[in-house]
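**Q** got a structure for you, letters missing:
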């Protein structure tokens, strides 16, 4: 489980030099790009502090990346012992997720034709959320079965 953002190295550094960023971000660990933008636009930090914050942020990013790669690697090791189950789940995701996505697109089209705007907004929001999750699930399965060379390349660039 990941630490709260304020307990990370980056969070501790920013608490001292730019507490307004910590107030804006809260306790959730945000994506690196959001933090870079916040650091860049902070008026109270000196250029040296900004440079140090970005170096710590990059180090934290690589640690997270290493964790994710190790986690995927462990999953691939478990795959050997649970091959039949994993293959069944993989086939279901790959065979049925795209059908659900097509169905949800149809629901969106029909909803836009027949529902009033308030209900339509709720339907579109829920359909979008479910569609995103189905797409993410499919991407995860593809990354697991075929590996994620992009992440490994990022780690090697370090």
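**A** Thanks, I have it. Model, not experiment: these values are computed from the prediction.
**Q** Most remote residue from the middle of this structure, which is it?
**A** residue 114 (34.4 Å; CA atoms, centre = their mean).
**Q** Let me know the helix or strand that residue 43 is in.
**A** When elements are assigned from DSSP states H and E, residue 43 belongs to no helix and no strand.
**Q** buried stuff in stretch 55-66?
**A** 56-57, 60-61 (16 or more other CB atoms under 10 Å). The C-beta positions use only the backbone N, C-alpha and C, and glycine is treated the same way.
**Q** In a markdown table: the residues you listed, plus secondary structure and pLDDT.
**A** Putting the buried residues of stretch 55-66 into a markdown table (DSSP: H, G, I helix; E, B strand; the rest coil; pLDDT from 0 to 100) gives the following:
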| residue | secondary structure | pLDDT |
| --- | --- | --- |
| 56 | helix | 84 |
| 57 | helix | 82 |
| 60 | helix | 80 |
| 61 | helix | 78 |
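**Q** just these now: which is nearest residue 101?
**A** Distances from residue 101 to these, taken as CB to CB, are shortest for residue 61 (30.9 Å).
**Q** what mean pLDDT does whichever helix or strand residue 140 is part of have?
**A** Taking DSSP H and E as the definition, residue 140 sits inside helix 117-146. Averaging pLDDT along helix 117-146 gives 85.
**Q** before we move on, the earlier item: between which two of the buried residues of stretch 55-66 is the distance greatest?
**A** Across these (CB to CB), the longest gap, 9.7 Å, separates 56 and 61.
**Q** picking up where we left off before, what comes up buried for the helix holding residue 140?
**A** 123, 127, 131, 134, 138, 141.
**Q** and if you look at stretch 102-116?
**A** Buried, per 16+ other CB under 10 Å, within stretch 102-116: 104, 107-108, 111.
**Q** between those residues, which is nearest residue 65?
**A** Minimum distance to residue 65 across the buried residues of stretch 102-116 is 31.8 Å, recorded for residue 104 (CB to CB).
**Q** list the contacts for the residue nearest to residue 98 when sequence neighbours are not counted?
**A** Spatial nearest neighbour of residue 98, chain neighbours left out: residue 138 (7.4 Å); criterion: CB to CB, 6 or more residues apart in numbering. Residues counted as contacts of residue 138 (CB atoms under 8 Å, 6 or more residues apart in numbering) are 93-94, 97-98.
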